[in-house]
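1. with the sequence up front, the predicted model follows.
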Amino acid sequence: MEVRLQKYLASSGIASRRKSEELILQGKVQVNGKVITELGTKIDIEKDEVKYNGKVVKLPEDEHVYILLNKPIGYVSTVTDQFGRDTILDLVKQNGKRVVPVGRLDMYTSGAIILTDDGDFVYKVTHPKHEIDKTYTVTLIGIVTERDLQSLREGVIIDENYKTRPAKVKILKIDKEKNQSRLMITIHEGKNRQVRKMCEAIEKKVLALHRAKIGNIEVKDLEIGKWRYLKQDEINSLLK
Ligand code: URA
């Protein structure tokens, strides 16, 4: 669909139609990398890229959504489930936007998970090379030893022959009465059920697993089951 450049700018909320005309005349608007100063110029909204002051201008309905959900346990993080179980999509109903999870959390793990309708973002952020830190809190049966911590930090063997990459591991609490240990573990790989498998490797049973952070984005201010939109700087921090 073709529209006049000044109408496109106005519809995007950059400025009024009149002010948008001024911006064009001042040479502040580019189409496909070229400064356009002619007022009647038409653009194809599907194909052309418009920039104002060096930033891409989009129509509101074109904007993607980026959501941070504090996933409860008992929900699967796939788009559909062959067994009809509740999926996290039931918790983040978006008007007409088809969001998908960025990565996975297993059914019995709670905490931070991002959803978006931006396929490009999903590709970039989940690419193994991207290596975003993910921080978990895990409650284990038994008291961890210094040696257990060292093994988790240096890498343990999971999936028969895969050695996990170095992890950050901190003790949050040792409860001798309950015979439980709470750890904070930060990894940047995303092998299937990795934290559970790492704990199995030190022969400890996981009582609870929660993802507290993805990169620097924490879920602690969100009630379990609730979501919020990511802020622009949070989105940027994941793409860095
Ligand atoms: N590690 C796990 O064991 N489960 C998750 O959901 C994420 C990381």
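-> That came through, no problem.
2. which positions in the protein make contact with the ligand?
-> Contact residues, the chain versus the ligand (CB under 6 Å from any ligand atom): 105-106, 109, 193-196, 209. To be clear about C-beta, it is placed using only N, CA and C from the backbone, and glycine gets the same treatment.
3. in space, what's closest to L209 - neighbours in sequence excluded?
-> Counting by CB to CB, 6 or more residues apart in numbering, T109 is the residue found nearest to L209 once chain neighbours are left out, at 4.5 Å.
4. for K28, give me its contacts.
-> Contacts for K28 (CB atoms under 8 Å, 6 or more residues apart in numbering) come out as 52-53.
5. do that again at 6 Å, thanks
-> N53 (CB atoms under 6 Å, 6 or more residues apart in numbering).
6. list the buried residues of stretch 60-67.
-> 65-67 (16 or more other CB atoms under 10 Å).
7. can you check stretch 72-83 too?
-> Buried, per 16+ other CB under 10 Å, within stretch 72-83: 75-77.
8. out of those residues, which is nearest to the ligand?
-> Of all the buried residues of stretch 72-83, S77 has the smallest distance to the ligand: 7.9 Å, by CB to the nearest ligand atom.
9. assign a three-state SS to the nearest residue to Y162 once chain neighbours are set aside, would you?
-> The spatially closest residue to Y162, leaving aside those adjacent along the chain, is K191, at 6.9 Å (CB to CB, 6+ apart). Taken by DSSP: H, G, I helix; E, B strand; the rest coil, the conformation at K191 corresponds to coil.
10. all helices of the protein, in order?
-> Remark: helices assigned in the chain by DSSP state H are 5-11, 17-25, 119-126, 146-154, 194-201, 232-239.
11. with mean neighbour count added, can I get those helices in CSV?
-> Formatted as CSV, those follow (neighbours: other CB atoms under 10 Å):
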stretch, mean neighbour count
helix 5-11, 20
helix 17-25, 16
helix 119-126, 14
helix 146-154, 15
helix 194-201, 20
helix 232-239, 13
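12. how about the ones you listed in a markdown table, adding mean pLDDT?
-> A markdown table is the format used below for the helices of the chain (pLDDT from 0 to 100):
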| stretch | mean pLDDT |
| --- | --- |
| helix 5-11 | 87 |
| helix 17-25 | 90 |
| helix 119-126 | 92 |
| helix 146-154 | 98 |
| helix 194-201 | 98 |
| helix 232-239 | 94 |
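13. closest one to K58 among the ones you listed?
-> helix 5-11 (9.8 Å; CB to CB).
14. distance of the residue nearest to Y162 relative to A15?
-> For K191, the distance to A15 equals 49 Å [CB to CB, to the nearest Å].
15. give me the below-cutoff pLDDT ranges for the chain.
-> 94-95 (pLDDT under 70).
16. what's the residue closest to the geometric middle of it?
-> I114 (3.6 Å; CA atoms, centre = their mean).
17. what's the longest strand that the chain contains packed up against?
-> Criterion DSSP state E: the longest strand present in the chain is strand 205-214. The elements that strand 205-214 packs onto, with contact taken as 3 or more CB pairs under 6 Å, 6 or more residues apart in numbering; DSSP states H and E, are strand 109-116, strand 134-141, helix 194-201.
18. pull the residues that contact it.
-> 109-112, 134-139, 141, 195-196, 199.
19. swap the cut-off to 7 Å and go again
-> Residues outside strand 205-214 that contact it (CB atoms under 7 Å, 6 or more residues apart in numbering) are 105, 109-112, 114, 132, 134-141, 180, 195-196, 199, 218-220.
20. buried ones among those residues?
-> Of the contacts of strand 205-214, these count as buried by 16+ other CB under 10 Å: 105, 109-112, 114, 132, 134-140, 180, 195-196, 199, 218-219.
21. picking up where we left off before, got the contact list for the residue nearest to Y162?
-> So K191 contacts 158-159, 162 (CB under 7 Å, 6+ apart).
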